[in-house]
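> model the following, please.
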Amino acid sequence: MLAELVGVDVSRIRAWQRRGWLIAQNQTHRLWYFDFLEVTVARQLAELLSHGISPRSLGRKLSEIERRFPDVRRPLAELSLVLDGRTLLVRRGDELVEPGGQLRLDFESLDSDEEGELATLPSPGIFLSRPSPGESRAAGPQLAQWAAELDEAGDLAGAAEMYRSALAAAGPQPELCFQLAEVLYRAGDLAAARERYFVALELDEDYVEARLNLGCVLAELGERELAAAAFAGAIRSHEAYADAHYHLARTLDELGRADEARPHWQRFAELAPDSPWADEARERLQLAP
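The predicted structure follows:
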């Protein structure tokens with residue numbers, strides 16, 4: 001829902017949270033909830049990154065701002081950041097200043113640095129060398145980090161292979177299976193994504209976002225009855241999961257079961273009145289007999 005409000009892919013929200021740029025207020029069944037401050041932060045991030053600045057470069061500049069302004073704990077939440085060409089300026093009150101007075105934050109050189117750093121990542125098949133068990137387990141978190149960096153850079157094929165390497169090195173983990181499923185889905189491999197979402201649920205049956213996303217994949221594959229079951233299962237795990245009510249309502253409508261859909265449209269409208277999809281819910285409720 002936050003991704004819809006900001007106009008970015010969900011993967012961007014996940015990446016910004018991994019970097020600590022977005023801070024969730026609470027977590028339920030592995031589902032993160034954000035307040036309206038984080039919507040403001042996300043919008044500022046989307047605006048900055050829309051100019052082609054790499055996340056790695058932005059991260060370095062944010063660290064530099066924190067050093068120059070020690071009274072600022074979260075630049076993205078407390079300051080307005082403005083791009084002038086490729087120079088990042090900080091708005092404090094009515095003034096635009098460069099951190100440190102004359103310091104210019106030039107992104108061009110850092111963008112080229114990032115390309116070089118990504119090029120140095122090892123082959124995703126690194127686990128095939130069969131390191132010792134202790135070394136293999138220790139390598140899992142590093143492989144997962146490299147996978148996340150490849151994902152963030154848009155290399156979905158490389159990210160998928162690196163996530164597989166992380167799973168081979170560290171063993172099955174629901175979060176890694178979910179992240180691999182997300183990459184496979186965005187790469188258009190729905191069948192593979194479906195299987196990975198199933199594995200995530202086999203490892204953690206209360207992983208409600210995995211169950212919801214599995215339902216979305218099933219719906220795209222034309223298996224709407226199974227999709228409806230998945231959405232209903234997500235609601236049984238977490239009744240206040242607004243997205244699950246929304247997708248179940250839509251799927252039931254598509255199945256010609258409008259009477260069953262209505263209470264879920266109503267519940268969604270109650271849970272998320274400011275959602276980008278709230279108008280659709282209200283329209284469906286007005287059309288219902």
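
> in this protein, where's the longest helix?
In the chain, assigned by DSSP state H, the helix with the most residues is helix 133-152.

> got the domain boundaries for this structure?
Domain assignment for the chain, taken from automatic domain parsing, gives 2-103, 127-197, 205-289.

> show me what the strand or helix carrying residue 265 is packed against.
Using DSSP states H and E, residue 265 sits within helix 258-271. The contact analysis (3 or more Cβ pairs under 8 Å, 6 or more residues apart in numbering; DSSP states H and E) places helix 258-271 against helix 242-254, helix 278-287. The C-beta positions use only the backbone N, C-alpha and C, and glycine is treated the same way.

> any idea which of the ones you listed scores lowest on pLDDT?
Ranked by mean pLDDT, these end with helix 278-287 in last place, scoring a mean of 89.

> CA atoms only: put it into PDB for me.
Provided in PDB are the C-alpha atoms of helix 278-287 (Å, rounded to 0.1, in the frame of the first residue of the first chain):
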ATOM      1  CA  ALA A 278     -10.300   3.100  -1.200                       C
ATOM      2  CA  ASP A 279     -12.300   4.800  -3.900                       C
ATOM      3  CA  GLU A 280     -12.600   1.500  -5.800                       C
ATOM      4  CA  ALA A 281     -14.000  -0.200  -2.600                       C
ATOM      5  CA  ARG A 282     -16.500   2.600  -2.100                       C
ATOM      6  CA  GLU A 283     -17.600   2.300  -5.700                       C
ATOM      7  CA  ARG A 284     -18.100  -1.400  -5.400                       C
ATOM      8  CA  LEU A 285     -20.100  -1.000  -2.300                       C
ATOM      9  CA  GLN A 286     -22.400   1.500  -4.000                       C
ATOM     10  CA  LEU A 287     -23.000  -0.800  -6.900                       C
END
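
> distance between it and the chain's centre?
Taking the mean of its C-alpha atoms, helix 278-287 sits 27 Å from the chain's own mean (Cα atoms, centre = their mean, to the nearest Å).
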